[in-house]
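Colleague: Based on what follows, work out the 3D shape:
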Amino acid sequence: MEGGLMKERPPFFLEIHPLLELYQELDAKIEKVKKETGLDCIKGCGECCSIAAERIEVSVIEWIPLSLRLWETGEAELYLKKMEKMDPQGPCVFYRKNPSKEEEECCSVYPWRPLICRAFGFSAIENKHGQPIPVLCSVLKKLRPEIVKEVDSKIQRGLEIPIHSHYAKRVALIYPEYGKRRYSINEALKRAIELVGFYMELIPDGRKGLERMDSYDRAA
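Modeller: Next up, the predicted model:
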């Protein structure tokens with residue numbers, strides 16, 4: 001578990017709303033990119049989710065909102081046990097290989113997914129001149145090769161596409177102790193669940209953090 005848990009400061013998850021606001025800001029920008037370019041995931045694809053979890057790295061802080069929800073719903077320990085039994089080469093614990101029509105998404109916690117899962121395929125890197133270079137999904141580029149030119153054209157005409165590194169830095173600065181270091185996606189989740197559980201047991205008002213999730217849950 002991360003160090004510094006006993007520092008004299010409020011439980012960090014009582015102030016987690018800046019992260020939720022950042023996610024909502026990013027989602028809004030991505031929706032605009034989708035609307036302007038026609039860029040979107042292929043329904044039922046899940047190719048990006050099916051790779052080994054150890055190849056996807058996120059910070060602990062990115063999983064804190066979901067960890068709060070899992071403790072509230074009584075599922076936290078269930079997922080800790082699931083991850084204990086998983087092959088390190090296996091995918092994210094929330095990956096659904098064959099989602100039903102009702103489920104739609106291959107991710108079973110789609111509204112709560114970390115930054116990289118939100119930005120993948122809909123964000124850009126910067127070249128040495130600070131110009132955005134969109135990084136699109138390889139599957140989509142094969143099926144719709146024209147989409148690359150369409151996105152580039154829209155960006156040249158002023159469309160703002162999220163720069164992943166900018167958002168990653170902002171996430172890290174929300175609570176650096178748990179935002180700077182990255183782990184495999186399942187390991188980061190495990191640490192986040194354990195961390196939230198630790199605080200909820202240790203601090204009398206720790207469960208108040210759960211109330212902060214309600215408005216975000218409804219919006220999601």
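Colleague: Give the phi and psi angles for the residue positioned nearest the centre of the chain, as a check.
Modeller: Per CA atoms, centre = their mean, the C-alpha nearest to the average position across the chain is that of residue 114, at 1.0 Å. Here is the backbone geometry of residue 114 (degrees, to the nearest 10): phi -70, psi 180.
Colleague: list the contacts for the residue nearest to it when sequence neighbours are not counted?
Modeller: The shortest distance from residue 114 to any residue other than its chain neighbours is 3.8 Å, reached at residue 62 (CB to CB, 6 or more residues apart in numbering). Placement of C-beta: from N, CA and C, glycine included. With contact taken as CB atoms under 8 Å, 6 or more residues apart in numbering, residue 62 is in contact with 19, 114-115, 171, 179, 188, 192.
Colleague: rerun that using 7 Å as the cut-off
Modeller: 114-115, 171, 188 (CB atoms under 7 Å, 6 or more residues apart in numbering).
Colleague: For residue 195, see how far away it is.
Modeller: Using CB to CB, to the nearest Å, residue 62 is found at 12 Å from residue 195.
Colleague: Give me the buried positions along stretch 182-200.
Modeller: Of all the residues in stretch 182-200, those buried under the rule 16 or more other CB atoms under 10 Å are 182-197, 199-200.
Colleague: Centre of the chain to that stretch, how far?
Modeller: With CA atoms, centre = their mean, to the nearest Å as the basis, stretch 182-200 stands 14 Å off its chain's centre.
Colleague: Alpha carbons of that stretch, in PDB - could you do that?
Modeller: Only the C-alpha atoms of stretch 182-200 are listed here, as PDB (Å, rounded to 0.1, in the frame of the first residue of the first chain):
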ATOM      1  CA  ARG A 182       1.400   4.200 -12.500                       C
ATOM      2  CA  TYR A 183       0.500   0.500 -12.100                       C
ATOM      3  CA  SER A 184      -1.100  -2.100 -14.300                       C
ATOM      4  CA  ILE A 185      -4.900  -1.400 -14.500                       C
ATOM      5  CA  ASN A 186      -5.800  -4.200 -12.200                       C
ATOM      6  CA  GLU A 187      -3.000  -3.500  -9.700                       C
ATOM      7  CA  ALA A 188      -4.100   0.100  -9.500                       C
ATOM      8  CA  LEU A 189      -7.700  -0.900  -8.900                       C
ATOM      9  CA  LYS A 190      -6.600  -3.300  -6.100                       C
ATOM     10  CA  ARG A 191      -4.600  -0.500  -4.400                       C
ATOM     11  CA  ALA A 192      -7.400   1.900  -4.800                       C
ATOM     12  CA  ILE A 193     -10.000  -0.400  -3.300                       C
ATOM     13  CA  GLU A 194      -7.700  -1.300  -0.400                       C
ATOM     14  CA  LEU A 195      -6.900   2.400   0.200                       C
ATOM     15  CA  VAL A 196     -10.500   3.500   0.300                       C
ATOM     16  CA  GLY A 197     -11.400   0.500   2.600                       C
ATOM     17  CA  PHE A 198      -8.500   1.500   4.900                       C
ATOM     18  CA  TYR A 199      -9.700   5.100   5.300                       C
ATOM     19  CA  MET A 200     -13.400   4.100   5.700                       C
END
